[in-house]
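Undergrad: I need the structure of the sequence given here:
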Amino acid sequence: MSSPTRLRAIRLYKELHRIGRDYPDPAYNFHAKLRGAFEKNRHLTDAAEIEQAFALGEYIKKETLALYSLSKYRHLRRSYPPVE
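TA: Got it, this is the predicted structure:
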């Protein structure tokens, strides 16, 4: 793995790790699954496969952030009575 690719992978891992701190379901074990996914893809050497793995990681990051937004929205919606 070249240096820019390695740095990109480390940056993505750190971002996902930070995002995983607030994961709503503690039983899901986000950090263990994250580490397992990165360990599984550690051996990749083909540039296309590496880009595909990065795209999947970015997709997971985006979807997790959307899940947080939805969770916050639902909490706020339950907090206030419906306006009639």
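
Undergrad: only C-alpha atoms for contact and neighbour calcs from this point on.
TA: Noted.

Undergrad: work out which residue lies at the spatial centre of the chain.
TA: Central residue of the chain (C-alpha atoms, centre = their mean): residue 61, 3.4 Å from the mean position.

Undergrad: quick check: it touching residue 14?
TA: No - assessed by C-alpha atoms under 8 Å, residue 61 is found out of contact with residue 14, at 11.0 Å.

Undergrad: just to revisit the earlier point, ok, and the closest non-adjacent residue to the residue nearest to the centre of the chain?
TA: residue 16 (6.2 Å; C-alpha to C-alpha, 6 or more residues apart in numbering).

Undergrad: report pLDDT for the one you found.
TA: If you check residue 16, the pLDDT there is 95.

Undergrad: from residue 81, how far off is it?
TA: Residue 16 sits 35 Å away from residue 81 when distances are taken as C-alpha to C-alpha, to the nearest Å.

Undergrad: show me the shaky parts of the chain.
TA: 1 (pLDDT under 70).

Undergrad: mind checking the longest helix of the chain?
TA: Identified as the longest helix of the chain according to DSSP state H is helix 47-79.
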